[in-house]
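S.K.: Sharing a model that was predicted from the sequence below.
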Amino acid sequence: MHLAHVSAFILYIVALICIGVFSAKKSSTASGYILGNRGLSYWVTAISANASDMSVWLFMGLPMAIFTKGLFQAWTAVGLIFFMFLNWHFVAPRLRRVTERYDSLTLFTFFEKRLGQRARAIRVFGALFSSVFLTIYVSAGITGMGYLFESIFDINYAVGCTISIFAILTYISLGGFTAICYTDFAQGIFLLAVIVAVPILVLFFPFDHAHNTRAFLNAIEQPLFPKDATQLFEAFALAFGWGVGYFGQPHILNKFMAIKDPTELSKSKWLGTAWQILALLGAILAGLAAHYFFSAPPNNPELIFVEMVDAIFNPFLAALVLCAILAATLSTIDAQVLVIASVVAEDFFAVVAGPKATDKRILLASRLTAVVVCLVGLAIALVKISSIFEVVYYCWVGIGSAFGPLVIASLYFKKLTKNAALLGMIVGGTVGAFWIALGSEISAALPGFIAGFATIWIGSNFGGQKP
């Protein structure tokens, strides 16, 4: 283990904890801890919302796909940009306004208040469903962190998992939502700079082999646009594979709910979209630049970005740059931990405790839940999940299919009824989950979303219940 690697990593973790300490004074109430008192600026909202979405996939998954399968895989990025823009444009402004009108700190509290007192089952079931899936999601992220520590810093897997979750728990416990948003903002700026700069530097890296230049030129000449119906279907499947799940992800939606001035969401939309375009273009360019960098195929294509960084920087700078990969993962895990802590405190504890659920008790329940979630996630991660990608995909599809249709219906559908909402949640999540088991080329997020939305529409119009 190189001393320079450890020094760079410690410097990075200390910086994150300092942000948590700085944010502590803004989290002395339940509203402050769960939603930052709705006080985010538009630029923090924009960057933190997008950074909490981009995990290690940005540095490993997408570059590997471009390097091994070709430029056509960029349609995944196109879909992500398109659907996140729709999320910013159609969901964010209305969600911010109505959640404040209904005095809702979580998505599930909003569902109950939107549909009436008898809709408490939606609040409790939604909170339970999201907590289970997001805890599994968190464990997958911790597992990825452990593997990163092994491959990048040569630190034992279990030690790496423990260090990462301790760092997250420290600044979440201190600063809550505000700490998460500011750390995600800082990490978002950092990882954007790295994902854009590294492939450009690689292309200026001196090589004596003409083969590398030819390989790079061949890579950028690969077809991007579909040439026939089969390729059109493949492009459609890639674009919709993950993107449609954006509408139901609580750890992204709560950033929309927390902006101070909802009229500035338009600024957040354009800034966030620009950030996402640049980040994804950087990842695509990294996959293309790998053709120039490697004379022979690497043993593990997922580590092409890591190997390029190790080659062009000294050990300390390389470790500091590779902390961007940790940043991408941390910014996803911390947002998900806080969502679970929030819904357990606000949608379980507050419901069960009733009048006894004072602000201080809800705040304490949130902080204790964050500790429990981190420990449970760590315990699952220490077992070593066999396929991180499959677990993440399963959770993303399940959450997006269950809650995405309901979010849109709650904001735009006046005839929405509580029975249709509950059934739509169940049908959407179930169809999405079972579709994965079919092994279909069509992403499970799409049929899950369609099934959930169709159930809500049919149930609200023909279910015989008044909205």
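M.R.: Ah, there it is. Numbering: from 1, shown residues only.
S.K.: so what's the backbone phi/psi at Gly70?
M.R.: Main-chain dihedrals, Gly70, degrees, to the nearest 10: phi 110, psi 170.
S.K.: Next: Met60.
M.R.: phi -120, psi -50.
S.K.: for Lys414, same thing?
M.R.: Dihedral angles (degrees, to the nearest 10) for Lys414: phi -70, psi -30.
S.K.: What number of residues are in the vicinity of it?
M.R.: 7 (other Cβ atoms under 10 Å). All C-beta atoms are positioned from the backbone trio N, CA, C, and that covers glycine.
S.K.: try the one 3 residues further on
M.R.: By the criterion of other Cβ under 10 Å, Thr417 has 22 neighbours.
S.K.: again with Asn218
M.R.: By other Cβ under 10 Å, neighbour count at Asn218 equals 10.
S.K.: isn't it right next to Tyr292, touching?
M.R.: No - with contact defined as Cβ atoms under 8 Å, Asn218 does not count as touching Tyr292 (10.4 Å).
S.K.: Now stretch 130-138: buried residues?
M.R.: Ser130, Ser131, Phe133, Leu134, Thr135, Ile136, Tyr137, Val138 (16 or more other Cβ atoms under 10 Å).
S.K.: Can you give the distance from the helix or strand the second one falls within to the centre of its chain?
M.R.: In other words, Ser131. Secondary structure assigned from DSSP states H and E places Ser131 in helix 120-148. The chain centroid and the centroid of helix 120-148 are separated by 12 Å, computed with Cα atoms, centre = their mean, to the nearest Å.
S.K.: Quick one: list the elements packing against the following helix or strand past that helix.
M.R.: Moving toward the C-terminus from helix 120-148, the next helix or strand (DSSP H and E) is helix 157-203. Here helix 157-203 touches helix 3-23, helix 30-35, helix 42-51, helix 120-148, helix 265-293, helix 304-312, helix 315-343, helix 359-382, going by 3 or more Cβ pairs under 8 Å, 6 or more residues apart in numbering; DSSP states H and E.
S.K.: Could you export these as JSON lines, including mean pLDDT and distance to Ser410?
M.R.: Shown next, in JSON lines, are the helices and strands packed on helix 157-203 (pLDDT from 0 to 100; distance: least, Cβ to Cβ, whole Å):
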{"stretch": "helix 3-23", "mean pLDDT": "72", "distance to Ser410": "30"}
{"stretch": "helix 30-35", "mean pLDDT": "82", "distance to Ser410": "18"}
{"stretch": "helix 42-51", "mean pLDDT": "93", "distance to Ser410": "19"}
{"stretch": "helix 120-148", "mean pLDDT": "85", "distance to Ser410": "10"}
{"stretch": "helix 265-293", "mean pLDDT": "93", "distance to Ser410": "18"}
{"stretch": "helix 304-312", "mean pLDDT": "86", "distance to Ser410": "40"}
{"stretch": "helix 315-343", "mean pLDDT": "83", "distance to Ser410": "16"}
{"stretch": "helix 359-382", "mean pLDDT": "88", "distance to Ser410": "23"}
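S.K.: Return the distance of stretch 98-110 from the chain's centre.
M.R.: The answer for stretch 98-110 is 21 Å, by Cα atoms, centre = their mean.
S.K.: What are the buried residues along that stretch?
M.R.: Buried, per 16+ other Cβ under 10 Å, within stretch 98-110: Val98, Thr99, Ser104, Leu105, Thr106, Leu107, Phe108, Thr109, Phe110.
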